[in-house]
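**Student:** please find the sequence and the predicted model below.
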Amino acid sequence: MIMRNVMLEIRDLHVAVVAADGAREILRGIELNVKAGEVHAIMGPNGSGKSTLSHVLAGRPGYAITHGSITFMGEDLTALEPEARAAKGIFLGFQYPVEIPGVATMTFLKNAINAQRKARSEPELDAMGVMKLVQGEAARLKISADMLKRPLNVGFSGGEKKRNEILQMAVLQPRLAILDETDSGLDVDALRLVGEGVSALRAPDRAMIVITHYQRLLTHIVPDFVHVLAQGKIVRSGGKELADELDRAGYGGLIHEPA
Amino acid sequence: MSARQETIDAASAVGDSYKHGFVTDIDSEFAPKGLNEDIVRFISAKKGEPEWMLAWRLRAYRRWLTMQEPQWAKVDFPKIDYQDAYYYAAPKGYSAQPKSLDEIDPELLRTYEKLGIPLSEQKLLAGVAVDAVFDSVSVATTFKGKLEEAGVIFCSFSEAVREHPELVRKYLGTVVPYADNFHAALNAAVFSDGTFVYIPEGVRCPMELSTYFRINAANTGQFERTLIIADKGSYVSYLEGCTAPMRDENQLHAAVVELITLDDAEIKYSTVQNWYPGDKNGLGGIYNFVTKRGACRGRNSKISWTQVETGSAITWKYPSCILQGDNSVGEFYSIAITNNRQQADTGTKMIHLGNNTSSRIVAKGISAGASQSTYRGLVSIHPKASGARNHTQCDSLLIGDKCSANTVPYIEVRNSGAQVEHEATTSKLSEDQLFYCRQRGMDAETAVALLVNGFCREVLQHLPMEFAVEAQKLVGISLEGSVG
C-alpha cells in the first residue's frame, strides 16, 4: 500500500515573514499529514496564515522557518529551491496569477515542462509535442487557441487567469497541487468550470490542498478532510461536513481572540 | 533564494559567460603603433587606393586633430591615448583583396566556424551572403557570383574603391560627413575596410546580406565603413554581427555606417552586437563608438534599423534617419542589455524634412549588475515637414538594485501640424514574476531569459527569422549571473 503512505508531513511548523522592520511570526505550530489520493481543504478567515502556508510549501523567498519540519516524499522540502520542488511534483495554483508580458502561454509552458523534465533527467519535448499536450488539456477546460497565443495572464479576466492555472496544473501533472484561493474572483459559471477541471485531475497518486475562504468551491471539489486555520494554527479538523458547518456558523465560534 | 543583493553578488561572482572570447593564433601584419599622417598614408597604400581617397582621408585626419571627444553622453571612462594603439592589423597576405574560399588560411575558417559563421557556401545559412571582416580587412565574401547575376554589388569597401569608384565617390560621406563628429572623423582618416552594397533600380536583393566583424589582434582598433545604396524601387535586408576575444585592455571600435535609399527603396538593417563586454569588474572590453545614419532621399523610401546590443564595455551609438523624401519612413527598434559594469548610451535621431514623413521608435533597455543604460533620442520636425508623425516608446527594465536606467528624449517640433507621441516606462524585474516561473520549474536564469525575451518581443520580431533565434539565446547568455 505504498500509494497510501504519507506524501506530505508538516511537523510543528513555525514561520516568520521577513520584512525591513523585523520578523513577524505568521504560522505557529502547524501539524498536517497528507496522503496520496487525498484532498484536504484548508479554510480560515483572512490573515490566518493560509496563503503563507502555501507560499512556504512552494519555497517562496521572504519567509523564515523558525521551527519545525516539512517532509515531502520522505525528503526535507525546506532544503530545496522552488524549481527543485516543482520538479519533484509540487504545484501552486496562485491566488493572483502573475502577468508575463510578451510570453505566450504556449511558450511559457514549453519552458516549464522542459525545465521539469530536464531536472528529472527525462527527454525534453519538442514544440510539436508540447503543442499537442497543451491543446488537448486546453480543450477540456474550454480555453481557446487564441488565448494560448496571448501573453500569459496579460489582460485576462479573473476567470481566464484561474482556468489557465488549472490548465498549467493539468499539463504539468503534479503529485501535490496546492490551490490558493482558486475560487476568488470567479463568477458561478467560472467556479463550476474550474471546480470540474480540478476534480477531473484527482488521482490515486496525487494529493491536493485546497485553500479557500468560502465553502462554495468545496461543492465542486469535495474534500476528504477539512482543516480550520486560525492565528497560525490548525484549530479544528474534520470531514467535509465541517465545511458546511462553517458556512452556516462562520468562524466566530472557533476562534478565540486574544484578550 | 531570491534576487536580493547577496545572491545577486554571489551569482555574478560565478564569472564570465562570454562565449566568443578566444584568440586566433595567426601571423599578422601591423602598421607602426600610433597615429599620424604617415599612418594614414600607410593604410591607404596598403589598400592600393587612388589619390582622391587618400586626399579625403587626410582632410579627415587634419579635421580630427582640431576636434574634441563628445562629452555629453552618460558614460564614464579614462582618457583614451590615441597614440597607444595600432590602427591597422591584418592577417599576413590579406591586405588588398578578399581571397576565394579555397585560398583562405584554415585557421581563419576555423575561427568563423567556431563563431557559428561557417564561410563555406554549402554550410551557410541558406539565403545569407557573408562578408567576413577580420581586424582591419575583409577576408572573404560569399555568394558573390549569385548576387552579381542579380546586378547586386556586395564586396569589401577596399574592392569598391577600386572597382566602383564612381559609386563610392558619389555617395561616400554624403550621409555622415568626415567632419560630423570626433569618432566619425577618426574613422574617415584610418578606416581600413568594411562592406559596400549597391542594389540596382527595381531589384529585390535575392538573399540576406551580412557582415561579420571580428576583432582579434591585441591593442588594435577596428575602423570599418559600411556604405549601402538602395537605388529606386529596390529592397535589401542586411545584418551585421560582431565579436572579439577577451582581453584585459580596452579596444576601440569606431565604425561608420551610411545608408541611402532613393525613391520607393527600402533598407532593413539589423545588428546583433556582441563585442567582448569586459569582465565582471569592468576590466577590458570594447569601446563601441559608432556613427550610423541613413538618408531616405527618395519619395516613399524607408529605412528600418533593428539593433540588439548586448556586448561592449561602452556603447555610444545612435542609428538615425534623415527623412528627406516625401512620405518616407524611418524606424528604430532597439534592445540594449547591460550587465556587470557595462555602460550604454544609445538611441536614435529621426530628422523629418519631407512632407508626410513618419517615424517609429521602440527602445527596450535592460540593465543588470552595476551597469547603466541610457536611451538618448531626438525627434526633430522641420518647418517644411507637413503632416509628419512620430511615435516613440521607451521601456526600461531593471534587474537588481545597483544598476540604473535613464531616458533622455529630445523633441523639436517646428511645424504645428506634426503629431508626436512619446511613451516611456521603467520597471523592475519583479520577484513575483521570477517566483511564478520558478514555481513552474524554471531555474532563475531560464526565468530571467524568458521574462526579458518577453519584454523585448516587440523588437525581436523585427529581426530576420534566422537571427531572431540566435538573438533570443544571446539575451539569456548576456544576463547570466544577473540573479541568483
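**Tutor:** Looks like it arrived, so ask away.

**Student:** contacting residues around the spatially most central residue of chain B?
**Tutor:** The centroid of chain B falls nearest to B:Thr271 when counting by C-alpha atoms, centre = their mean (5.2 Å). Shown in contact with B:Thr271 (C-beta atoms under 8 Å, 6 or more residues apart in numbering or on different chains): B:239-242, B:305-309, B:319. Just so you know, the C-beta spots here come from the backbone N, C-alpha and C atoms, and that holds for glycine as well.

**Student:** what segments of the stretch 351-484 of chain B are strands?
**Tutor:** Taking DSSP state E, counting those that start in this stretch as the criterion, the stretch 351-484 of chain B carries its strands at B:358-367, B:372-381, B:389-398, B:404-413, B:419-428.

**Student:** er, the stretch 51-200 of chain B I mean
**Tutor:** Using DSSP E, counting those that start in this stretch, the strands of the stretch 51-200 of chain B run over B:89-91, B:128-134, B:137-141, B:153-156, B:193-199.

**Student:** next: the stretch 1-150 of chain A.
**Tutor:** For the stretch 1-150 of chain A, applying DSSP E, counting those that start in this stretch gives strands covering A:6-19, A:22-35, A:39-43, A:63-72, A:75-76, A:90-93.

**Student:** nearest to chain B, out of those strands?
**Tutor:** Relative to chain B, the nearest member of the strands of the stretch 1-150 of chain A by C-beta to the nearest C-beta is strand A:90-93, separated by 5.2 Å.

**Student:** I'd guessed A:Ile26 sits against A:Ala16; true?
**Tutor:** Yes: counting by C-beta atoms under 8 Å, A:Ile26 touches A:Ala16, with 6.6 Å between them.

**Student:** so what sits against both of those two?
**Tutor:** A:Tyr63.

**Student:** following the chain past the longest strand that chain B contains, name the next helix or strand.
**Tutor:** Longest strand of chain B, by residue count under DSSP state E: strand B:285-296. Per DSSP states H and E, the first helix or strand lying C-terminal to strand B:285-296 is strand B:302-309.

**Student:** near chain A, which residues of chain B are found?
**Tutor:** Contact residues (C-beta under 8 Å from any C-beta of the partner chain) of chain B with chain A: B:1-2, B:4, B:430-433, B:435-444, B:446, B:450-451, B:453-458.

**Student:** again, only using 10 Å
**Tutor:** B:1-4, B:7, B:364, B:395, B:427, B:430-444, B:446-447, B:449-458, B:460-461, B:484 (C-beta under 10 Å from any C-beta of the partner chain).

**Student:** tell me which residues of stretch A:21-28 come out buried.
**Tutor:** By neighbour count on 16 or more other C-beta atoms under 10 Å in any protein chain shown, the buried set for stretch A:21-28 is A:26-28.

**Student:** which residues touch it?
**Tutor:** Identification of contacts with stretch A:21-28 by C-beta atoms under 10 Å, 6 or more residues apart in numbering or on different chains yields A:10, A:12-18, A:47-53, A:55-56, A:63-68, A:229, A:231-234.

**Student:** so which of the residues you listed reach chain B?
**Tutor:** Counting by C-beta under 10 Å from any C-beta, A:55, A:63 from the contacts of stretch A:21-28 sit close to chain B.

**Student:** report the buried members of the contacts of stretch A:21-28.
**Tutor:** Buried among the contacts of stretch A:21-28 by 16+ other C-beta under 10 Å: A:10, A:13-17, A:48-53, A:55-56, A:63, A:68, A:229, A:231-234.

**Student:** relative to chain A, how far out is B:Leu147?
**Tutor:** According to C-beta to the nearest C-beta, to the nearest Å, B:Leu147 and chain A sit 34 Å apart.

**Student:** just give the nearest non-adjacent residue to that residue, would you?
**Tutor:** In this structure, B:Leu147 finds its nearest non-sequential neighbour in B:Phe154, 5.0 Å apart by C-beta to C-beta, 6 or more residues apart in numbering or on different chains.

**Student:** check A:Asn114 too.
**Tutor:** Spatial nearest neighbour of A:Asn114, chain neighbours left out: A:Glu124 (4.3 Å); criterion: C-beta to C-beta, 6+ apart.

**Student:** touching, the one you found and B:Gly441? I think so.
**Tutor:** No: taking C-beta atoms under 10 Å as the definition, A:Glu124 is not a contact partner of B:Gly441, at 12.0 Å.

**Student:** more neighbours: those two, which one.
**Tutor:** Neighbour totals were compared for A:Glu124 and B:Gly441, and B:Gly441 leads with 28 against 13 (other C-beta atoms under 10 Å in any protein chain shown).

**Student:** ok, that one touching A:Arg117?
**Tutor:** Yes: between B:Gly441 and A:Arg117 there is a contact under C-beta under 10 Å: 8.6 Å.

**Student:** can you check which residues contact both of those two?
**Tutor:** Residues within reach of B:Gly441 and of A:Arg117 at once, by C-beta under 10 Å, 6+ apart, are A:Ala87.

**Student:** A:Asn153 is in contact with A:Gly102, isn't it?
**Tutor:** No: between A:Asn153 and A:Gly102 there is no contact under C-beta under 10 Å: 11.9 Å.

**Student:** for A:Ala203, give its distance to A:Leu217.
**Tutor:** 19 Å (C-beta to C-beta, to the nearest Å).

**Student:** so between these two, which is more surrounded?
**Tutor:** The neighbour comparison of A:Ala203 against A:Leu217 (other C-beta under 10 Å) goes to A:Leu217, with 25 against 12.

**Student:** could you find the closest non-adjacent residue to the more buried one?
**Tutor:** Distances taken as C-beta to C-beta, 6+ apart place A:Asp183 nearest to A:Leu217, at 3.9 Å, with adjacent residues excluded.

**Student:** likewise for A:His67?
**Tutor:** Using C-beta to C-beta, 6+ apart and skipping residues adjacent in sequence, the residue nearest A:His67 is A:His14, 4.0 Å away.

**Student:** which of the contacts of B:Thr271 ranks first by neighbour count?
**Tutor:** Ranking the contacts of B:Thr271 using other C-beta under 10 Å puts B:Val308 first, with 29 neighbours.

**Student:** A:Leu193: what secondary structure?
**Tutor:** helix (DSSP: H, G, I helix; E, B strand; the rest coil).

**Student:** follow-up on the earlier one: which residues touch the residue nearest to A:Asn114?
**Tutor:** By C-beta under 10 Å, 6+ apart, the contact set of A:Glu124 is A:110, A:113-118, A:130.

**Student:** swap the cut-off to 8 Å and go again
**Tutor:** A:113-114, A:117-118.

**Student:** now the buried members of the residues you listed.
**Tutor:** A:113-114, A:118.

**Student:** and for B:Phe77, nearest residue in space, chain neighbours not counted?
**Tutor:** Leaving aside its sequence neighbours, B:Phe77 sits nearest to B:Ile314 (C-beta to C-beta, 6+ apart; 5.8 Å).
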